[in-house]
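Undergrad: need a 3D model of the following:
(3 chains)
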Amino acid sequence: MVADAHHLGHAIDISSTSPTPFWRLVRVELRKSYDTRAGFWLLAVIGLIVLAAEIIVLAVVTTQDESIALGDFVAVAAFLTSFLLPVLGIMVLTTEWSQRTAMVTFALEPRRPLVIAAKALVGVLLTLATVAVSIVIGAVCNALYGVIEGSADWTFGWSDFWAFLLTQVLAMLGGFALAALLLNTPAAIVVFFVYKWVLPGLFELGAQLVGWFGDLRPWLDFQSAQNAIWEWSSSGEDWANLVVSGVVWLGLPLAFGIWRVLRAEVK
Amino acid sequence: MSTPTAAASVPTLDVSGTAPTPFSRLVTTELRKTWDTRAGSWLLISTAALTGLVMVIQLIVAVAQDLELTYNDFLTSTNFSIALLLPVIGILLLTSEWSQRTAMVTFSLEPRRPRVIAAKLAVGVALAVVAVVVALVLALVCNLVYGALSDFAVEWDVSVLQTLSFVLFQVVGMLTGFAFAALLLSSPAAIVLFMVYSFVLPTIFGIGAALIGWFEDLQPWIDFADAQTPLIDASMTGEDWAQFAVSGFIWLVIPLAIGLWRVLRAEVK
Amino acid sequence: MITVEGLTRKYGSFTAVDNVSFVCQPGRVTGFLGPNGAGKTTTMRVMVGLTPPTSGRATIGGHLYQHIPNPGRHVGVLLDASAQHGGRTGREVLEIGARTMGLPSSRVDEMLEMVSLTSGEAKRRLRNYSLGMKQRLGIAHALLGDPSVLILDEPANGLDPAGIRWMRGLLKGYAERGGTVLLSSHLLHEVEQIADEMILIGNGRIVAQGDKKTLLAGDATTASTLVTALDNQVLADALAAKGIAVTGAGEGLRVDAATVDVGRVAAENAIVLTDLRAAEGGLEDLFLALTAETQREAVV
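TA: As a prediction, the model looks like this:
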C-alpha cells in the first residue's frame, strides 16, 4: 500500500516529522491540570487547606502551651494531602473522559501509553510541588512558633522528608490507578475513600476474627505496609510486604486500567 | 396553539385548559431518572450487592469462627455499604443534572425549580427507605441462616423504635449528601466533601477536643456524625436530640438553604 | 489521500459500518453524505484510530493513523466540536493543541483570526460558546498544524449562512492548494455546493459514489424545471398542448422537461417568463431513492 501510494505521489512523507517528544506531552498535560477553573481550584484548595490547618495547629499549640516540632507540622500537612492528592491523581485522568477531551488528546497523540505516562508524571510533579509547599508552610509556622514561644524545635530528619515524599507519591498513584481502572470520577473517588478509610478497619476486624487472615493481611494492606517507609525498617519482610501489597493496589489496577484505555473506543 | 378570541386583537396563549404538572408526576419522572442510565442503575445495583456481600461475609466469618451474632449486628454492618453509598446516590441525584447538562431540559419542562428540587429530595428519601427495607430483609435472611448453621440461638433484638432510628439514620445520611451536592453542584467536589466530613472530620474533632478544653464542650454541638451515633442503637436522650438538631442545622440545613438559593438563581447551562 | 479498504465495524449484532471502501484524492473535496446514523461518524472515527475496526482498515497517505508521528501536523481532525472541556477558554484549547504539536503561540493567533473569533470571544470559556463558535474553534483546531489532510464531521453544523459560505471558500481553497478534504454531512445542498466527489452512505453501506454529473447520469429520472410566467395558466396550457406534464409549485410551475424545452415553448407562444431554472430535485431525489430503505421517514 505504501509503495503504491508513493507511486501515485499521494503518500504523506513522514520522514521529516519527528514524533511528539515525551517532555512536550508532560508540559501540555501539566498545563491542562490548572488551565480550567475546576483544576485551578482543586490545586488552590489543596494549598489553602494545608495553610488553614497549619495556622489552626499553630494557634492551638501556642494558646495551649503545647510543644511542637517542624516534623509535627509536616505530619499534619501529610495527613491532609494524603487524601487530597489522590483526588488530584484521579481527576488528572478522569476529566479527559467526563469532558470528552480524550478524543482530541488521542487524535493528536495516538500512542496512548505515552499520554497516560505523561499524566502520571504530572501527578508526581504536582505531588512534589505540594510536598515542597507543605514543608515551606510548616517551616514558616514553626518559625512563628519560635518567635511566639521563644524557641522552636526543628526536628525533621531527611529520612522523614523522603518518607513524606514517597508516601505522598504512592497515595497519588493509588488514586491514579483507581481512576485508570474505573475511568469515572465519582466512582473512583468513592472507591478511593473506601480503600483509604473503610478497608483498614475491615482488615483489622478480619485479622482479629480469622486466624489465617492475620497472616495474610500484611501482604494485602498497602497502607500499613507503608509504615516501613516512615520507619526505614531494616526488615526485609516489611519491604517485601510493601512491594506485594503495592502490586495488588497499584500495579494490578494500573495495568488493567491501561489495558482498558488502550483498547477503549474513545467517545 | 390556541385560537385567538374575537375580542382580543393580540392573540394570547390559552392556558386555562392546561393543568400544571402535578408534583406526583415530577417525583415519578425523577425516580425513573435515577435508574434509567447505566451509571445510575449500576450505582443502585452495587449498593444492594455490597449490602448483601458484607452481610454474607459477616455470616460466613461468624459461622466459621463460632461467633455470637444478633439481628442488629447484621444491620450494623450496613455502615460499610448503605451508609456509605446512599449519600453518594443523594449527591449524584442532583449533580448529574449539571454534569450531564440535563438541567436545561428539566427546568424548561418545569420552570418552578423548587418543585423539581423537592421532587428529587422526595426520590432520595424514597430510595433511602427502599434501601432500609432491603437491608432489613437481608439481615432477616442472614439471621435465619445464621440460626440454622450456628450453635448459638437466633436472637431477634428488634424493636419499632430501633427500626425507625435506623430509617432516620439512613435518610439523614442521604440528605447530607444531597445538601453538599446542592451547595457545590459538582459531583467530585461534593463526594470529596462528604468523605472528608464522614472520615476525616471526626479525627480532627477528636484531636481538637483532646487538646483544647472548651472545644471538647463545643464538639457535640457541631459534630453531626457523632450526634447521629445514638441513633444506631436507638439510645437518643433529650440532650442527644438537641445536639442532633443543632449540628444538623449546621451540616444539613445551612448547606441545603445556600444550595437551593443558588440553584434557583443559577443560569442553567 | 485517504484510503478505506473493506472497513467493517460491528457492535454486537449491530453493524454500524459494513464493508466500506473508498478513496479521497488530494486536491479534491470529498463529501460523505448519508442520513443520521448511517455510519459516517464511525467510519471517520476508525480513520483516526479512536475506534478499532472489526475488519478492514483505513490509511491516510499510506499510513495507519496510529503510525503517523505527530499526527496533528499531517491530519486535521474535527469530530465533535462540543467534546472540549467547558471550563477552558477558546484560546486555551488552541494553545494546548499548538503545544502538543510543538507550534509557537503565534500560530494560535493566526488561527483565531482565520476563523474570525475575536480576542474577546477567545477569552470566553467554552461553556459560554454557541454551537457555531465551537464549530469555528474546532475548524481552527483542525487547521492548527497546517495539515495536508482534513477530516471534518459535520463541520457546517450550527454555522450561520455567512459562516457556511466562509467555510466553503476555505475548504475549496485548501483543496486547490493540493489538500485532501473529507467532510461529512446529512445536508445534501451543503455538500453539493462544495464537494467535487460524493460518497453516499446508508445503513453502513456505500450506495453510490462519484462526482455530481456521474451520479446524475446514472440516474434515470428525467430533468425537471421550475418556471414562473406572468400568466402561468397560459404557459401551463401551452406546455400541456405539447404533452409535457405540469404541476403547480409555489407561485410557479414544476415542469417535467429541461429548461431549454420550457424556454422554447414560452418563446413560441410569446409568453413572458419571470423565472426559469432547473429544479435541483435531481440529486435530492436520487439521494432519497438510494437511501430509501435507511430513511426514518417513508419517501413519498
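Undergrad: buried ones in the top helix by length along chain A?
TA: The longest helix of chain A (DSSP state H) is helix A:112-149. With burial defined by 16 or more other Cβ atoms under 10 Å in any protein chain shown, the residues of helix A:112-149 counted as buried are A:112, A:114-124, A:126-127, A:130-131, A:133-135, A:137-139, A:141-142, A:145. C-beta: built from backbone N, CA, C; applies to glycine.
Undergrad: quick one: A:Pro113 and A:Leu262 touch, right?
TA: Yes: counting by Cβ atoms under 8 Å, A:Pro113 sits close enough to A:Leu262 to count as a contact (6.8 Å).
Undergrad: and C:Leu183, which of the three is it?
TA: Of the three states, C:Leu183 takes strand according to DSSP: H, G, I helix; E, B strand; the rest coil.
Undergrad: pretty sure it contacts C:Ala195?
TA: Yes: with contact defined as Cβ under 8 Å, C:Leu183 reaches C:Ala195; the gap is 7.5 Å.
Undergrad: got any residues that touch both of these two?
TA: Common neighbours of C:Leu183 and C:Ala195, using Cβ atoms under 8 Å, 6 or more residues apart in numbering or on different chains, are C:Val29, C:Thr30, C:Gly31.
Undergrad: A PyMOL selection for those, restricted to the buried ones, would help me check which they are.
TA: Per 16+ other Cβ under 10 Å, the buried members of the shared contacts of C:Leu183 and C:Ala195 correspond to this PyMOL selection:
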select buried, chain C and resi 29+30+31
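Undergrad: now, the shared contacts of C:Leu183 and C:Ala195 that are in strands?
TA: Using DSSP state E, the members of the shared contacts of C:Leu183 and C:Ala195 that fall within strands are C:Val29, C:Thr30, C:Gly31.
Undergrad: looking at those residues, which is nearest chain A?
TA: Using Cβ to the nearest Cβ, C:Thr30 is the member of those that lies nearest chain A, at 13.2 Å.
Undergrad: quick revisit: of the shared contacts of C:Leu183 and C:Ala195, closest to C:Gly120?
TA: C:Val29 (32.1 Å; Cβ to Cβ).
Undergrad: can you tell me if the one helix or strand A:Thr81 maps to touches chain C.
TA: Applying DSSP states H and E as the criterion places A:Thr81 in helix A:70-98. Yes: judged by Cβ under 8 Å from any Cβ of the partner chain, helix A:70-98 and chain C are in contact via A:Thr95.
Undergrad: buried stuff in that helix?
TA: Buried residues in helix A:70-98, counted by 16+ other Cβ under 10 Å: A:70-78, A:80-98.
Undergrad: and for the residue of chain A at minimum distance from chain C, the neighbour number?
TA: Closest contact between chain A and chain C, by Cβ to the nearest Cβ, is at A:Ile12 (2.7 Å). Using other Cβ atoms under 10 Å in any protein chain shown, the number of residues around A:Ile12 comes to 23.
Undergrad: quick one, what contacts it?
TA: By Cβ under 8 Å, 6+ apart, the residues touching A:Ile12 are C:Ile60, C:Gly61, C:Gly62, C:His63, C:Ile68, C:His74, C:Ser148, C:Val149.
Undergrad: write out the residues of the stretch 1-150 of chain A neighbouring chain C.
TA: Remark: the part of the stretch 1-150 of chain A in contact with chain C comprises A:1-2, A:4-6, A:8, A:10-12, A:14, A:17-21, A:24-25, A:27-28, A:31-32, A:35-39, A:95, A:99-101, A:103-111, using Cβ under 8 Å from any Cβ.
Undergrad: element containing the most centrally placed residue in chain A?
TA: By Cα atoms, centre = their mean, the mean C-alpha position of chain A lies nearest to A:Met172, the distance being 1.1 Å. Per DSSP H and E, A:Met172 falls inside helix A:158-182.
Undergrad: which SSE is immediately downstream of that helix?
TA: Downstream of helix A:158-182 (by DSSP H and E), the next one is helix A:185-193.
Undergrad: is chain C contacted by that following helix?
TA: No: using Cβ under 8 Å from any Cβ, no contact is recorded between helix A:185-193 and chain C, whose separation bottoms out at 13.1 Å.
Undergrad: pull out the CA atoms of the helix or strand following that helix and give them to me as PDB.
TA: Going down the chain from helix A:185-193, the next helix or strand is helix A:199-209, by DSSP H and E. This file holds the C-alpha atoms of helix A:199-209, laid out as PDB (Å, rounded to 0.1, in the frame of the first residue of the first chain):
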ATOM      1  CA  LEU A 199     -10.700  -1.100  54.400                       C
ATOM      2  CA  PRO A 200      -8.100  -0.700  57.200                       C
ATOM      3  CA  GLY A 201     -11.000  -1.200  59.700                       C
ATOM      4  CA  LEU A 202     -12.200  -4.300  57.800                       C
ATOM      5  CA  PHE A 203      -8.600  -5.700  57.700                       C
ATOM      6  CA  GLU A 204      -8.300  -5.200  61.400                       C
ATOM      7  CA  LEU A 205     -11.600  -6.900  62.000                       C
ATOM      8  CA  GLY A 206     -10.800  -9.700  59.700                       C
ATOM      9  CA  ALA A 207      -7.400 -10.200  61.300                       C
ATOM     10  CA  GLN A 208      -8.900 -10.400  64.700                       C
ATOM     11  CA  LEU A 209     -11.700 -12.800  63.700                       C
END
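Undergrad: what residues does chain B have near chain C?
TA: Listed as neighbours of chain C in chain B under the rule Cβ under 8 Å from any Cβ: B:Lys269.
Undergrad: where does the stretch 1-150 of chain B have low pLDDT?
TA: Along the stretch 1-150 of chain B, segments meeting pLDDT under 70 span B:1-9.
Undergrad: no, scratch that, I was asking about chain A
TA: For chain A, the stretches with pLDDT under 70 are A:1-10.
Undergrad: chain C too?
TA: Scanning chain C residue by residue, the ranges that satisfy pLDDT under 70 are C:216-223, C:280-283, C:293-300.
Undergrad: so where do the strands sit in chain C?
TA: Remark: strands assigned in chain C by DSSP E are C:2-11, C:14-24, C:29-33, C:55-60, C:75-78, C:149-153, C:180-185, C:197-202, C:205-210, C:225-229, C:246-249, C:252-255, C:273-278.
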